[in-house]
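# Need coordinates for the below:
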Amino acid sequence: MRLFYAVFVPKNLCDILALAQEKVRSYSGWKPTRPDQFHVTLMFLGEVDETRLPELRRVGEEAAAGVAPFTARVRGTGFFPERGSPRVWFAKAEGAGFEPLAAGLRMALPEFAEAQSFKAHITLARRKGPAPRPESVVFDLAFRVQEASLVHSELSSSGSTYQVLEQFPLAG
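Numbers count the residues shown, from 1 in each chain. Model prediction:
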């Protein structure tokens, strides 16, 4: 099963971020993320044998227990990669707890840790074909992060579907 750890964006902010996606709707090369799926990925695990779920739940619980609830801020947009032809258009996320959460997961599950450094962001759209860069958008949004989630992701021709398997309250 395909899994990742994440912090989901509250619905009221999803609606605001969805308005920014209007900048790419006219470009067939960009595929906007469904607003109900806006999240900050803390760690992508990829395909994992279901027998590891108890371990992954324990790791998520321990990582969340070491981080106090915090305020996340969403300020503006950017691209991955930063230069050249972008593949991802995202909203930058900041918050004192994102890095400790991601670091706790990486330390407990080094076999899944990516070589790149962690950059908290919310994917607004993925580029699927030739398309221009959308103009930058500046936000001044904030939300309280009180939990992290272990999420099951299923890919299909119509896009991904997410199912939250477990939520871990922040308690540090």
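# Quick one: neighbours of residue 107, just the number.
Neighbourhood size, residue 107 [other CB atoms under 10 Å]: 11. C-beta coordinates here come from the backbone N, C-alpha and C atoms, glycine included.
# burial of residue 60, as a residue count?
For residue 60, the neighbour count with other CB under 10 Å is 26.
# measure it to residue 158 for me?
28 Å (CB to CB, to the nearest Å).
# what helix or strand is residue 92 on?
strand 88-94 (DSSP states H and E).
# Contacts only, for residue 150.
Counting by CB atoms under 8 Å, 6 or more residues apart in numbering, residue 150 makes contact with 3, 4, 5, 56, 57, 60, 164, 165, 166, 168.
# what do you get for residue 74?
So residue 74 contacts 9, 13, 17, 91, 92, 93, 94, 122, 139, 141, 142, 143 (CB under 8 Å, 6+ apart).
# what pLDDT does it get?
For residue 74, the pLDDT comes out at 97.
# Is it in a helix, a strand, or coil?
Put simply, residue 74 is strand when judged by DSSP: H, G, I helix; E, B strand; the rest coil.
# Give me the contact list for the strand holding residue 92.
17, 20, 24, 30, 40, 72-80, 120-127, 133-134, 137, 139.
# Neighbouring strands - and their directions - for it?
The strands beside strand 88-94 in its sheet (DSSP bridges) come out as strand 70-80 (antiparallel), strand 121-127 (antiparallel).
# avg pLDDT for the last one?
The average pLDDT within strand 121-127 is 95.
# Can you list the buried residues in the helix or strand that that strand is followed by?
Once strand 121-127 ends, the next helix or strand along the chain (criterion: DSSP H and E) is strand 138-145. Within strand 138-145, the residues that count as buried by 16 or more other CB atoms under 10 Å are 139, 141, 143, 145.
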